[in-house]
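Asks: I would like the atomic coordinates for the input below:
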Amino acid sequence: MFGLINANMINTLFNKKTKLAVALISSCFFMVACENNVNEVQALSARIGGIDVGKDVSIYISTDGKISAKLMAPLMKKYLVDSGKMVEFPNTIKVDFYKDSLHIESKLIANYANYKEAENKVFLKDNVVVYNVMGDTLWCKEMIWDQITNKFTTDKEVIVKQHNPIAKIYGQGFEANQDLSDIHIFKPQSNSFAILSDSTSSNPK
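Replies: Residues are numbered from 1 along each chain as shown. Here you go, the predicted model:
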């Protein structure tokens with residue numbers, strides 16, 4: 001069955017709980033002093049005009065002795081601003097989230113990111129994409145990643161494509177957890193649609 005769905009139906013679809021167990025990143029994610037990665041980051045860095053610069057950075061983040069995430073960026077800058085320390089990734093950033101140090105469960109990609117230590121929030125913008133192994137994908141122009149609540153939020157336009165049930169949602173603003181198992185669209189648009197599980201139709205394009 002195929003058809004348009006209203007706001008209540010949309011958010012009901014995304015409030016389902018999946019069995020995903022994505023390893024959550026700790027609050028030290030964008031900090032240089034991140035467990036046993038300090039030496040690696042320092043080795044990649046050089047100080048230019050008071051700014052610590054790292055090129056082709058790969059940072060493994062571990063939790064309880066197990067790798068929980070891998071951050072990759074062609075350029076990293078760390079410097080002081082009025083509000084405190086800030087780490088910037090101006091030329092794209094990619095993050096792989098691991099379930100058990102071996103299997104990737106979700107990924108995050110953005111053209112730009114910065115992290116202000118005092119706020120414990122990551123700002124991402126320009127072609128922000130988050131997707132998980134279930135086939136759920138989220139696109140937006142920019143969003144905030146709250147390191148305390150482990151939530152993604154934005155008041156900008158968003159598109160969410162869900163695998164089961166098949167749905168494609170257009171909206172304004174959202175809140176989601178890091179594994180995309182719980183997504184709330186603030187203002188769903190009327191051109192959103194869903195295909196029920198008994199449908200034989202192909203995935204929406």
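Asks: sheet partners, orientation included, of the longest strand seen in the chain?
Replies: Of all the elements of type strand in the chain, the one with the most residues (DSSP state E) is strand 66-81. If you go by DSSP bridges, strand 66-81 pairs up with strand 51-63 (antiparallel), strand 84-89 (antiparallel), strand 93-98 (antiparallel).
Asks: looking at those strands, which one is packed in the most?
Replies: Comparing the strands paired with strand 66-81 by mean neighbour count (mean count of other C-beta atoms under 10 Å), strand 93-98 comes out on top with a mean of 21. C-betas here are computed from N, CA, C, even on glycine.
Asks: average model confidence for that one?
Replies: For strand 93-98, the mean per-residue pLDDT is 88.
Asks: hmm, back to that, now the strands paired with strand 66-81 as CSV including distance to Thr137?
Replies: Formatted as CSV, those follow (distance: least, C-beta to C-beta, whole Å):
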stretch, distance to Thr137
strand 51-63, 23
strand 84-89, 21
strand 93-98, 14
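Asks: nearest to Pro188, out of those strands?
Replies: Across the strands paired with strand 66-81, the minimum distance to Pro188, taken as C-beta to C-beta, is reached by strand 93-98, at 26.6 Å.
Asks: contacts for the closest one?
Replies: 22-23, 25, 66-73, 104-110, 112-113, 124, 178-179 (C-beta atoms under 8 Å, 6 or more residues apart in numbering).
Asks: can you select the buried ones among these for me in ChimeraX?
Replies: Of those, the buried ones go into a single ChimeraX selection, burial set by 16 or more other C-beta atoms under 10 Å:
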select :22,23,25,68,69,70,71,73,105,106,107,108,110,112,113,124,178,179
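Asks: now do the buried residues in stretch 161-177.
Replies: In stretch 161-177, counting by 16+ other C-beta under 10 Å, buried: 161-162, 166-171, 173-177.
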